[in-house]
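1. curious how this folds, go ahead:
(2 chains)
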Protein chains: 2
Amino acid sequence: MSDTVHIVEVGPRDGLQNEKTPISVADRITFVEALIAAGLKAVEVGAFVSPKAIPQMVGSADVLRGVSHHTECELPVLVPNEKGYEASQAAGAKLIAVFAAASEGFSRANINCSIEESIERFRPVLARAKADGVRVRGYISTVLGCPYEGEIKPQAVVDVAKVLWDLGCYEISLGDTIGVGTPVKARQLLRAVAGHVPMANLAMHFHDTYGQALANLYAGMEEGCRVIDSAAGGLGGCPYAPGATGNVATEDVVYMLEGMGIATGVDMAKLVAATNVVSGLIGRLPVSRVAAALNAKKAAGKA
Amino acid sequence: MSDTVHIVEVGPRDGLQNEKTPISVADRITFVEALIAAGLKAVEVGAFVSPKAIPQMVGSADVLRGVSHHTECELPVLVPNEKGYEASQAAGAKLIAVFAAASEGFSRANINCSIEESIERFRPVLARAKADGVRVRGYISTVLGCPYEGEIKPQAVVDVAKVLWDLGCYEISLGDTIGVGTPVKARQLLRAVAGHVPMANLAMHFHDTYGQALANLYAGMEEGCRVIDSAAGGLGGCPYAPGATGNVATEDVVYMLEGMGIATGVDMAKLVAATNVVSGLIGRLPVSRVAAALNAKKAAGKA
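-> From the prediction side, this is the model:
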């Protein structure tokens, strides 16, 4: 597997929006800058959502404007509806992400509508994005399990993926939102979805709640998937089990890829430094095993 | 992969010997009992080593005697030399483990002799064990990297594995002592060693210091390996990076295996309960992602 993998860093959005402590716009810009300086080529910088619903994402327009001179880096932002789309365009977003669920129960609980209704909301966003030349990434959550419905059948994911693909998303990111997936199921899911959307246009967005993320990513890579979403330091946590782990850590992913001979272009020391700054701001240690090990080695004077 | 996997629980030995806080014999017996009650079929209960070198293992004879009525469970103990062997036999050990390194630098630092000298020490132990009808497991440490020598070539591991196998070890446990391995290297190593020792007689003993253990185990299972060493709660830590993670957590391994359709016979709730008791005694939270998630869910009233 000595080919390339595209890492989409989601720490400043999916990570921070699930942290209790809100981070200022200036600190979020510093964080994104540090991630780009570490060599990441895609960084999700914010979300154009209701500040009441997600106060952590307030000022996403300013974060995007603050880093948009980094034209070498993809800078997606999450957009839930037309209002959000307009705000994203006013801030100059060239790449947006929409968000659907594979589980009706999760869709209702999370965005208070059915899957079909959520897609109806995206439809005009996708049409306008197409007309504006804006690329759209489609997230599907709860692809390997739902906190309300339990196991999710691959066909349910396929159904949503087909719709998002047909509506013009250039990439479908498959989210194991609660981290319950295991390697064989991850492979089976990817194989099922790749029957309708090219594997090259699928991304793995696996949470590490049960420690399975790297194994699932490796299994997915064997299946041919080459795009991985991750968050520096494993930022984010799990809203369904406060105290548990959320996004897989970018450090842990980079470590695995580099060990497999896949060059990521990421400078590990710079990445851990970026993580440590945010850890200080949110007041908890990184859950990334690699960050913890490298910090421990450094503290012991061995790095 | 709907076949079987044999888990060797090493928490009471490899785990506790690397924890700062020594645990009393009575508490270690309680811990082993709890692990057996959770369904584990092999539990390494102690080490017959110098109490000066490893005070955490003082009283291993009493621990073994205290649990040896569990004839349904394999109860290996670590034995470094003939003196240790004699003590293990006085305590009734039916299964012992010897310990060599794949790296000269690690062998010197850890047991103060060359690899060849360490094997000369084991030779009489293995001869006596054979005569006594005692089964011997052989550990090889630093198989995927050494804190002193860096990367370790598979051939160095093959050389030691061949000797241990020829001396009569029934199983060779390949230890990624500092957790630096990644999936492709883990597979390559297993393939190399399996050229000389049957795959059925190889075990994977992978530490999770850099979060890679489950991915490596999955990769090794694809290669055909079916024996996994792990420690409840991820007990143990890493002596070369204090504050980092040691043994892969049994909970995380069981979660992956069960998710892959491989029945382990382990009751997860009972396993986490066993982990939590020891966590309380050593005064730190389990590093197992599964234990953390399940404890968090329980605390949130969702489990």
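2. span of stretch A:165-182 from start to end?
-> Distance across stretch A:165-182, first residue to last, is 25 Å (Cα to Cα, to the nearest Å).
3. list the buried residues in it.
-> Taking 16 or more other Cβ atoms under 10 Å in any protein chain shown as the neighbour-count basis, stretch A:165-182 is seen to contain the buried residues A:165, A:167, A:169, A:171-182. C-beta coordinates here come from the backbone N, C-alpha and C atoms, glycine included.
4. ok, stretch A:24-44 next?
-> A:25, A:27-32, A:34-36, A:38-44.
5. keeping just the C-alphas, turn that stretch into CSV.
-> C-alpha atoms of stretch A:24-44 as CSV (Å, rounded to 0.1, in the frame of the first residue of the first chain):
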residue,chain,number,x,y,z
SER,A,24,-12.1,32.2,20.4
VAL,A,25,-12.0,33.0,16.7
ALA,A,26,-8.4,34.2,17.1
ASP,A,27,-7.3,30.9,18.7
ARG,A,28,-9.2,28.9,16.1
ILE,A,29,-7.3,30.7,13.4
THR,A,30,-4.1,30.0,15.1
PHE,A,31,-5.0,26.4,15.4
VAL,A,32,-5.9,26.1,11.7
GLU,A,33,-2.7,27.9,10.7
ALA,A,34,-0.7,25.5,12.9
LEU,A,35,-2.4,22.5,11.2
ILE,A,36,-1.6,23.8,7.7
ALA,A,37,1.9,24.5,8.8
ALA,A,38,2.1,20.9,9.9
GLY,A,39,1.4,19.9,6.4
LEU,A,40,-2.3,19.1,6.3
LYS,A,41,-3.8,19.7,2.9
ALA,A,42,-7.5,19.8,3.9
VAL,A,43,-8.8,21.4,7.1
GLU,A,44,-12.4,21.8,8.0
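6. that one: how far from the chain's middle?
-> Per Cα atoms, centre = their mean, to the nearest Å, the displacement of stretch A:24-44 from the mean C-alpha position of its chain is 14 Å.
7. average pLDDT across that stretch?
-> Taken as a whole, stretch A:24-44 has a mean pLDDT of 98.
8. now do the strands in chain A.
-> A:6-9, A:46-47, A:77-78, A:95-101, A:135-141, A:171-176, A:202-206, A:227-230 (DSSP state E).
9. returning to that earlier point: filter the buried residues of stretch A:165-182 down to the ones close to chain B.
-> Among those, the ones lying close to chain B by the criterion of Cβ under 8 Å from any Cβ of the partner chain are A:179-182.
10. can you list the low-confidence ranges for the stretch 201-303 of chain A?
-> The stretch 201-303 of chain A contains residues with pLDDT under 70 at A:302-303.
11. just the helices in chain A please.
-> Ranges of helices within chain A are A:25-37, A:60-67, A:82-90, A:104-111, A:115-132, A:154-166, A:183-193, A:213-222, A:250-259, A:268-282, A:289-299, based on DSSP state H.
12. go through the last one and flag the buried ones.
-> Along helix A:289-299, the positions that meet the burial threshold by neighbour count (16+ other Cβ under 10 Å) are A:289-297.
13. repeat that for the fourth one.
-> If you call a residue buried by 16+ other Cβ under 10 Å, then helix A:104-111 has these buried ones: A:104, A:106-108, A:110-111.
14. roughly how far does the nearest residue to residue A:64 once chain neighbours are set aside sit from residue A:207?
-> Ranked by Cβ to Cβ, 6 or more residues apart in numbering or on different chains and with sequence neighbours excluded, the top spatial neighbour of residue A:64 is residue A:91, at 4.7 Å. From residue A:91 over to residue A:207 the distance is 28 Å, taken as Cβ to Cβ, to the nearest Å.
15. and if you look at residue A:233?
-> Counting by Cβ to Cβ, the gap from residue A:233 to residue A:207 is 14 Å.
16. same check, this time on residue A:188
-> Distance from residue A:188 to residue A:207, by Cβ to Cβ: 18 Å.
17. between those two, which one's more packed in?
-> residue A:207 (29 against 15; other Cβ atoms under 10 Å in any protein chain shown).
18. for the more buried one, list each beta-bridge partner.
-> residue A:247 (DSSP bridges).
19. for chain B, what are the nearby residues on the stretch 51-200 of chain A?
-> Residues of the stretch 51-200 of chain A lying near chain B (Cβ under 8 Å from any Cβ): A:179-185.
20. apply 6 Å and report the result again.
-> Residues of the stretch 51-200 of chain A lying near chain B by Cβ under 6 Å from any Cβ of the partner chain: A:182-184.
21. which residue would be the closest one in the stretch 101-250 of chain A to chain B?
-> Closest approach between the stretch 101-250 of chain A and chain B, counting by Cβ to the nearest Cβ: residue A:182, at 2.7 Å.
22. which residues are in contact with that residue?
-> A:212, B:256, B:259-260 (Cβ atoms under 6 Å, 6 or more residues apart in numbering or on different chains).
23. and for residue A:145?
-> So residue A:145 contacts A:151-152, A:178, A:180 (Cβ under 6 Å, 6+ apart).
24. equivalent analysis for residue A:167, please.
-> Here residue A:167 is in contact with residue A:126 (criterion: Cβ under 6 Å, 6+ apart).
25. for it, give me phi and psi.
-> phi -80, psi -10 (degrees, to the nearest 10).
26. follow-up on the earlier one: most surrounded residue in the contacts of residue A:182?
-> residue A:212 leads the contacts of residue A:182 on contacts (other Cβ under 10 Å) with 31 neighbours.
27. neighbours around the closest residue in space to residue A:80 that isn't next to it in sequence, how many?
-> Once flanking residues are discounted, residue A:80 sits nearest to residue A:49: 5.5 Å by Cβ to Cβ, 6+ apart. Here the count is done by other Cβ under 10 Å, and residue A:49 has 25 residues near it.
28. go on, residue A:126?
-> 21.
29. give me the nearest residue to it, chain neighbours excluded.
-> Nearest to residue A:126 is residue A:167, by Cβ to Cβ, 6+ apart, at 4.5 Å.
30. next one: the one you found from residue A:122, what distance?
-> Counting by Cβ to Cβ, the gap from residue A:167 to residue A:122 is 7 Å.
31. residue A:186 now?
-> 25 Å.
32. now residue A:97. Nearest residue, chain neighbours left out?
-> Nearest one to residue A:97, counting by Cβ to Cβ, 6+ apart, is residue A:137 at 4.2 Å.
33. give the contact list for the one you found.
-> A:76, A:97, A:171.
34. got a list of what the first one touches?
-> Residue A:76 sits next to A:44, A:95, A:97, A:137 when contact means Cβ under 6 Å, 6+ apart.
35. and which of those is nearest residue B:54?
-> residue A:44 (47.7 Å; Cβ to Cβ).
36. hmm, residue A:10 and the closest one touching each other?
-> Yes: look at residue A:44 against residue A:10 with Cβ atoms under 6 Å: they come within range, at 4.6 Å.
37. where do the contact lists of these two overlap?
-> Residues touching both residue A:44 and residue A:10 (Cβ under 6 Å, 6+ apart): none.
38. any chance of the contacts of residue A:145 in a markdown table, plus pLDDT and distance to residue A:83?
-> Putting the contacts of residue A:145 into a markdown table (pLDDT from 0 to 100; distance: Cβ to Cβ, whole Å) gives the following:
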| residue | pLDDT | distance to residue A:83 |
| --- | --- | --- |
| A:151 | 94 | 35 |
| A:152 | 96 | 29 |
| A:178 | 94 | 28 |
| A:180 | 96 | 33 |
